[in-house]
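Peer 1: Build the 3D model from these lines:
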Amino acid sequence: MRKGIYSRVCTHPPVISNAILSSTRSLMAIFVSPHFFTTFATSATLTNSESEQEEEDEEGFNTSCGVIQEKDFLRKTQNGKLHLLDLIDNDRMEPDAALYNKLLNKCTQMSKLKEGRMVHTHFLNSQFKHYQVIQNTVLNMYAKCGSLEEARRVFDEMPTKDMVTWTALITGYSQNDRPEEALVLFPPMLRLDLKPNHFTFSSLLKASAARPSDREGRQIHGFCLKYGYDLNVYVGSALVDMYARCGYMNEAMFVFDGMISKNEVSWNALIAGYARKDEGENAVQLFMEMQRKDFKPTHFTYSSVFTGCASTGALEQGKWVHGHMIKSGLKLIAFVGNTLLDMYAKSGSIEDAKKVFDRLIRRDVVSWNSMLSACAQHGLGKETVERFEEMLRIGVEPNGIAFLCVLTACSHAGLLDKGQYYFELMKKYLVEPDVSHYVTIVDLLGRAGRLDLAERFIKEMPIEPTAAVWGALLGACRMHKNMELGAYAAERVFELDPYDSGPHVLLSNIYASAGRWSDAAKVRKMMRESGVKKEPACSWVEIENVVHLFVANDDAHPQREDIRKMWEEISARIKEIGYVPDTSHVLLFVDQQERETKLQYHSEKLALAFALLNAPPGSTIRIKKNIRVCGDCHTAFKFVSKLLDREIILRDTNRFHHFRGGFCSCGDYW
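Peer 2: Numbering: from 1, shown residues only. Prediction:
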């Protein structure tokens, strides 16, 4: 009598014998390879006569010589049960241990948790329920599908546990962002005299990388050395990643250099580490070295390099890497496209950022946030609002970052009513405002000159105002020359963050602008006595892939004489069309002429003069500065853009300033 589609399985030896099932080597093979169990009887070849006798059961399965197609393993019946399990229940197919493993591995590969639960329940009622190999596969299925509670329940109920069991649970916790629970399993595993392997160590190091301290990671490193896995390529890559994520790039490089064999993961871990540390130049150098060693860059490689280029604003290098990716044939998938968009935006090329966004095959909320942030930082307030409205219209639900971007844009563009509306709209989308949203609203009200409303808003906030909140009010007071409220806001900032130089400088500027030099001097004295130091200003410009750095009154550059002469000529010409040096930005009690002289050689002016000397005629000039641009330099750049009919893009710590035809995209509030 035909027993169904597995009639032949009954007449052959079982796929896995009991001896193999109890073998440690078999346990490892089954655990580490989700494809260990292949479709049964795939080696059987149909003759023509056999082919003619092929039958299908009522559900459409091929019933000849025990063949099951891959697509049919998780096929369901009309009542929602798995058809293969239904056949077993109806005695139309003999159950087999390998079948359970195959089904469980399929559920794992396809993240089918519901179906995995069905197989697990059926397995518990089978004669194989004590097979440790399958119990490990069940645990692995739950862990990989993200159901850690069920994985832990299986673990706790297992009468015996081997190294595979412990590793499966450790890996599950590690891969699901629960590092503490992964790490706490390691000591009891060792106490049972179970020897960890490279899978165990790789997962433990991944968990260690997510911890705030490197203490656990260094301890795991010691165990890697003890058990002889430090030279394993997977463990070595995990060590590089762990040290890089903890910020210890020297240690990461030491491990990397000591690896006998490397793979793309090893290179990616190190490149990503430098990118996270804002060391874009090192990331690009490693990228080039990786190719010289015949390793093929992956999507993760390009994403990290783009992030590194974004941190330094290296547009030309970023374009070169983008071109390399296009030649490699890799598609612009979502996360790479998002970092590429961010790179162009942070390097000052908002038009290229828009092109990348428009060409993305699939846009997720990160893509939209990146585009919103780019528009907001480049002073495109109305366009940011339009894109945000489009995002809502097509059904992409905004998160806190999206709201922060549109609020920032409203603030920069002076869209007071719109900004207040979007702040209230956060409630509809159940987005809880954090301190950054409150800072932006204070900035929005302050820019609009509603200092009284800004102060009241701060006092009515449901959270304690931070130094950043009071700092936003202080900046508005500087803009509107409200000395009394500015002093009050500054005092609050000093109490909350006494070592931030920015508020001290702002208050000093407020006093200096009002001619209250003694009060300005007191603020400076307070800074010295408190040990508060202003970050030295520097500006840099990239010409032909070479970065040129300048500080105020710079006399170290080889072209220093030509640079000074160029700026003196430009300065004289812009004075003829209306430029008047704003000496209030010189916080020294000296005569007017000396104050004007102090203004002329700020780092951004020297960088601009150098670019005018060396950049191609008519090209856009891109300058970066490590602190906020000086108010007088800001005015001077507007006049230069008008005089020379040249676009100048200046990136400071707050935003991008696009100078065109005598105007700036920031609306003169920087």
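Peer 1: the domain parsing of the chain - what is it?
Peer 2: Annotated domains of the chain cover 434-529, 539-664 [automatic domain parsing].
Peer 1: closest one to F295 among these?
Peer 2: Nearest of the domains of the chain to F295, taken as CB to CB: domain 539-664 at 23.2 Å. For the C-beta atoms, the positions are set from N, CA and C on the backbone; glycine is no exception.
Peer 1: What is the distance between the closest one and the centre of its chain?
Peer 2: 33 Å (CA atoms, centre = their mean, to the nearest Å).
Peer 1: Next: stretch 169-188.
Peer 2: For stretch 169-188, the distance to the chain centre is 23 Å (CA atoms, centre = their mean).
Peer 1: what do you get for stretch 484-495?
Peer 2: On CA atoms, centre = their mean, the centre of stretch 484-495 falls 35 Å from the chain's centre.
Peer 1: Please shift the residue numbers so they start at 675 in all later answers.
Peer 2: Got it, first residue is 675 now, which makes that one stretch 1158-1169.
Peer 1: So which residues make contact with it?
Peer 2: With CB atoms under 8 Å, 6 or more residues apart in numbering as the test, stretch 1158-1169 has contacts from 1125, 1129, 1139, 1141, 1144-1145, 1147-1148, 1151-1152, 1174, 1177-1178, 1180-1181, 1184.
Peer 1: The same query, at a cut-off of 6 Å, please.
Peer 2: Contacts with stretch 1158-1169, where a contact means CB atoms under 6 Å, 6 or more residues apart in numbering, come from 1125, 1141, 1144-1145, 1147-1148, 1151, 1177, 1181, 1184.
Peer 1: coming back round to it: if we compare the domains of the chain, which one ends up closest to R1037?
Peer 2: domain 1213-1338 (22.7 Å).
Peer 1: what about the closest one, start to end distance?
Peer 2: Terminal residues of domain 1213-1338 are spaced 19 Å apart (CA to CA, to the nearest Å).
Peer 1: ok, back up a step: now render the contacts of stretch 1158-1169 as JSON lines, adding pLDDT.
Peer 2: What follows is the contacts of stretch 1158-1169, written out as JSON lines (pLDDT from 0 to 100):
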{"residue": "L1125", "pLDDT": "96"}
{"residue": "A1141", "pLDDT": "93"}
{"residue": "W1144", "pLDDT": "94"}
{"residue": "G1145", "pLDDT": "91"}
{"residue": "L1147", "pLDDT": "94"}
{"residue": "L1148", "pLDDT": "90"}
{"residue": "C1151", "pLDDT": "90"}
{"residue": "P1177", "pLDDT": "80"}
{"residue": "L1181", "pLDDT": "81"}
{"residue": "I1184", "pLDDT": "79"}
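Peer 1: related to what we said a few turns ago, for the domains of the chain, please prepare JSON lines with the additional fields mean neighbour count and distance to L857.
Peer 2: Below are the domains of the chain laid out as JSON lines (neighbours: other CB atoms under 10 Å; distance: least, CB to CB, whole Å):
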{"stretch": "domain 1108-1203", "mean neighbour count": "19", "distance to L857": "29"}
{"stretch": "domain 1213-1338", "mean neighbour count": "18", "distance to L857": "37"}
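Peer 1: Can you check which of those gets nearest to G992?
Peer 2: domain 1213-1338 (10.6 Å).
Peer 1: between the contacts of stretch 1158-1169, which is closest to V1206?
Peer 2: P1177 (9.5 Å).
Peer 1: In which helix or strand does the closest one reside?
Peer 2: helix 1175-1187 (DSSP states H and E).
Peer 1: Show the average pLDDT along the host helix or strand of Y948.
Peer 2: Using DSSP H and E, Y948 maps to helix 938-950. The average pLDDT for helix 938-950 rounds to 96.
Peer 1: Stretch 1003-1015 now?
Peer 2: What stretch 1003-1015 shows for mean pLDDT is 91.
Peer 1: Report the buried residues of it.
Peer 2: 1004, 1006, 1010-1015 (16 or more other CB atoms under 10 Å).
Peer 1: Show me what the helix or strand following the helix holding P1177 is packed up against.
Peer 2: Remark: after helix 1175-1187, the chain's next helix or strand is helix 1191-1204, criterion DSSP H and E. Secondary-structure packing of helix 1191-1204 (3 or more CB pairs under 6 Å, 6 or more residues apart in numbering; DSSP states H and E): helix 1175-1187.
Peer 1: and if we set it to 10 Å?
Peer 2: helix 1157-1170, helix 1175-1187 (3 or more CB pairs under 10 Å, 6 or more residues apart in numbering; DSSP states H and E).
Peer 1: Next SSE downstream of that helix?
Peer 2: strand 1212-1217.
Peer 1: Whichever helix or strand comes after that next one pairs with which strands?
Peer 2: The helix or strand immediately downstream of strand 1212-1217 is strand 1220-1225, counting by DSSP H and E. Looking at strand 1220-1225 with DSSP bridges, its partner strands are strand 1212-1217 (antiparallel).
Peer 1: Give me the mean pLDDT for the partner strand.
Peer 2: Rounded mean pLDDT across strand 1212-1217 is 90.
Peer 1: now what about it, what contacts it?
Peer 2: Identification of contacts with strand 1212-1217 by CB atoms under 10 Å, 6 or more residues apart in numbering yields 986-991, 1021, 1221-1226, 1228, 1276-1282, 1284-1285, 1287-1290, 1293, 1295-1301, 1303, 1307, 1324-1326.
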